Each structure stands twice: as C-alpha cells, then as structure tokens.
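Enquirer: Kindly generate the corresponding structure for this input.
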Amino acid sequence: MRTYLKVAPLLAIVMVLSLPWGAHAATLIFSEDFDGSISSNFSGITTTVGVQGFAGFGSPTSTFSGKFLENTSAHPPVATVLTLTGLPAHTYIDLDFLLAVINSWDDTANSGYAPDYFNVSVDGVTVFTATFAHALGTASYTTGKLTATPNVDLGFSNGYPESGYDMSQEPLLHNITHTASTLTVAFFASGGGWQGGTDESWAIDNLSVSCNVIPVPGTVYLLGPALLGLWGWRRKFGR
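Expert: Sure thing, here's the model as predicted:
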C-alpha cells in the first residue's frame, strides 16, 4: 500500500502531461472576401476591383465574386501584406485563398519576358513560389487550377488568357510551422521578366488564415488539488 501511495502523485503528473494537448484541428482566425471596406490588417498594395469574368469560378466552398484584391505593381513589385497580432497559442498555420493570374504571364520557357513568379512569404520566409505561362497559352503551374477557367480572356482588356486557382489545394500553404503571437504574410510578384501594370497582374479572393489553437489544459487546473488530496490520503493511510 505504501509503495503505491508514494508513486501515485507521480503517475498523476505523467498522465496529465502526456495527454495530446497540441492535437487540435485548425481554427479560423482571419478571413477577408474584399467585397466591402478592406481590413486595416492589410498594407502595401490594397486596391480592390470587380472580378469581371472570374465571377462564379471556384470550388464548392469558395468562388470568385464581387471584388478581389488586384496587385498591378510594376518592377520592382510591391507586396500586399497581411499582419495579424494577438494570435492564440499554436504550432502551425494554414493559408487558403483563390488566386487570379491575369494577362501575359511568362515562365522560364519564354526567354524574352521571363520569368514571372507569384510568391507567398510568412514572417519574411518564402513558403511558396511558382511561375506561370499564359503568354504561351498554357499554365505551367497546375495545382488547384480551376478547369472552368481554361486560359481564356476573362475581361481584363489585354486579350491574353487568364486563369484561376484554388490555393487551398496547395500543400505548401498548409501546416506552415509557426508559433509567434504575430503573423506577417506577404503576397508578391518577382522575376526578371515582371512588368506589372496592364501587362500582367495577380489578384486574391476569399483569403482565410487558420491555426491549430492550443487551449490551456483544463485538467492542469485540477492537478494541484488532486495532488494535495493524494498527499493527504497518503498521510492518513500510508503509515
């Protein structure tokens, strides 16, 4: 009896601390559809325009509609930046959004005006980069490509093909390691062939940020009283 009573408090501690407190599903912490006044969390290029021919294209849970944020900045490109503060305890974040690739994007196969990249960085570290090839009539990046936008002119005046992408299907934008209470996400173009303006641009719609919120374990609050109770029990019956 005495041996059990001596190790019982230790067993209680081990059981509590070994519970999977970090195993939580992602929780939405920010979203923006760009249809109204844009959130003050954005800086840099924050221009919103009508989605024109992109309207209605998307996935079952997210479609282009109303307005989106279009970045037409020329070389050197200026980023669109989202800054969040006061995040709850977490170990990773997820980024979901629709991406519109507009006008004459070129990939490395077109040496004259290439390459053009779209990038996403988290706290200054690039987590996604890809080239596109609309000027050649094909799209070199295909993950999440919306088949309803097969490289046709969707109304942005230049006559070049355009296409949309559901970036929620891009693995590099999910389970991004992150633990800080602040978050800075930058969306930007790059590449020696980037021209911007009416020649090429990009836009995002239905942006959402999620993380695996880790709550303070409620059982920990009960640990102190429980151990006191076990100590009292040992004092009473363990001698």
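
Enquirer: So the residue minimising distance to the centre of the chain: helix, strand or coil?
Expert: The residue lying closest to the centre of the chain (C-alpha atoms, centre = their mean) is Leu95, at 1.3 Å. Using DSSP: H, G, I helix; E, B strand; the rest coil, the structure places Leu95 in strand.

Enquirer: Look up the closest residue to it, ignoring the ones flanking it.
Expert: Computed as C-beta to C-beta, 6 or more residues apart in numbering, the closest residue to Leu95 that is not its neighbour in sequence is Leu173, at 4.4 Å. Quick note: C-beta positions are derived from backbone N, CA and C, even for glycine.

Enquirer: List the contacts of the one you found.
Expert: By C-beta atoms under 8 Å, 6 or more residues apart in numbering, Leu173 lies in contact with Asp94, Leu95, Asp96, Val120, Val127, Phe128, Met167.

Enquirer: I'd assumed Val185 was in contact with the fourth one.
Expert: In this case it means Val120. Yes. Using C-beta atoms under 8 Å, Val120 is in contact with Val185, at 6.8 Å.

Enquirer: Spatially, which pair of the contacts of Leu173 is furthest apart? Let me know, please.
Expert: Asp96 and Val127 (13.5 Å; C-beta to C-beta).

Enquirer: Looking at those two, which is more packed in?
Expert: Asp96 (22 against 19; other C-beta atoms under 10 Å).

Enquirer: so what's that one up against?
Expert: Contacts of Asp96 by C-beta under 8 Å, 6+ apart are Ser62, Met167, Ser168, Leu173, Asn206, Leu207, Ser208, Ser210.
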